[in-house]
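Novice: fold the following for me, if possible:
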Amino acid sequence: MTQLALEFEVAESPEEMFARVFRTMKPRTAPPSFRVLFKPYANLDSKIRLEAGHEKIEVRMSDQLRSAPHAVREALAWVLLGKLYRKAIPPEIERDYKLFVNRADVRRRALELRRERGHKRLVHPKGGVFDLEAMFEDLNVRFFEGALSKPALGWSPKPSRRLLGHYDPAHHAIVISSIFDTPKTPRYAVEYVLYHEMLHIKHPAEYRTERRCVHTPAFRAEEKLFPQYAEALKYLKRF
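Specialist: I've put the predicted structure just below:
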């Protein structure tokens, strides 16, 4: 009988699972109706939103999660509902979900999907003031002995203060915020931001069980070798 009950529980629909988690989280509140959709996202994204005066909830999950273990999808239900209602969730549940998304096979498939489905919006690397390609070649020789493979390089379509630069391993691309492409920007500041992103090529993120470490000790140590490190950090504080 125990085995039959277990099989029945695992066979519940995604909507039934969310309703069950909701009742556990908010036992004094009648659960809304749920609609769960699996979408072909480029990332392992999941979204949740209230509709129709809090009577309906729509959940959108990456279709990569369709084949995830039932316990993982249930952990995600806890995470999403916890964020929606600002409820604390048991730390072991959040840990279980992070352990899954940080698994090597899951990360590998997620990277493949980003490469297949996603795209990078880049403005030509030769800006009005700074040429990112020439700057990359110079930094590559000065700090990496020319060993880094050249990524796609470009300015962001819109000037951003929130994201000053980023490296995308799925597309092997570095994007620098176009907010820097102005005569008022000191060259060392742009060089530092580009150098920082180049270090992400040399020092990929490390995954330690449920934790993702983007800036490893080796990364941080090498980052400080930039000659104008202190000046650059001081300048970037204005953003």
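
Novice: I figured residue 54 hits residue 30, correct?
Specialist: No. At 10.5 Å, residue 54 does not count as touching residue 30 under the criterion of C-beta atoms under 8 Å. In short, each C-beta sits where N, CA and C put it, glycine included.

Novice: in this protein, which spans are helices?
Specialist: 2-10, 14-25, 70-85, 91-101, 104-117, 132-144, 187-202, 217-223, 229-236 (DSSP state H).

Novice: of all the ones you listed, which one is nearest residue 177?
Specialist: helix 187-202 (7.8 Å; C-beta to C-beta).

Novice: on contacts alone, who are the packing partners of that closest one?
Specialist: helix 132-144, strand 165-168, strand 173-176, helix 217-223, helix 229-236 (3 or more C-beta pairs under 8 Å, 6 or more residues apart in numbering; DSSP states H and E).

Novice: and among these, the most buried is which?
Specialist: strand 173-176 (a mean of 24; mean count of other C-beta atoms under 10 Å).

Novice: so what are the sheet partners of that strand and their directions?
Specialist: For strand 173-176, sheet partners with direction are given as strand 152-155 (parallel), strand 165-168 (antiparallel), following DSSP bridges.

Novice: need the residues that contact the first one.
Specialist: Residues outside strand 152-155 that contact it (C-beta atoms under 8 Å, 6 or more residues apart in numbering): 120, 122-125, 127, 132-133, 136, 171-178, 181.

Novice: and the last one, by the same measure?
Specialist: The list of residues contacting strand 165-168 from outside it, by C-beta under 8 Å, 6+ apart, reads 114, 120, 151, 173-177, 193-194, 196-198, 200-201.

Novice: for the closest residue to residue 50 other than its chain neighbours, give me its contacts.
Specialist: Spatially, and ignoring its direct neighbours in sequence, residue 50 is nearest to residue 57 (5.9 Å; C-beta to C-beta, 6 or more residues apart in numbering). Shown in contact with residue 57 (C-beta under 8 Å, 6+ apart): 18, 32-35, 48-51, 84.

Novice: care to break this protein down by domain?
Specialist: For the chain, automatic domain parsing gives the domain ranges 2-103, 132-236.

Novice: just give me the lowest mean pLDDT stretch among these.
Specialist: Across these, domain 2-103 has the smallest mean pLDDT, namely a mean of 88.

Novice: quick one on the thing from earlier: for the residue nearest to residue 50, give its distance to residue 70.
Specialist: Counting by C-beta to C-beta, to the nearest Å, the separation of residue 57 from residue 70 is 20 Å.

Novice: kindly report the same for residue 152.
Specialist: Counting by C-beta to C-beta, the gap from residue 152 to residue 70 is 39 Å.

Novice: repeat that for residue 22.
Specialist: Taking C-beta to C-beta, one finds residue 22 at 17 Å from residue 70.
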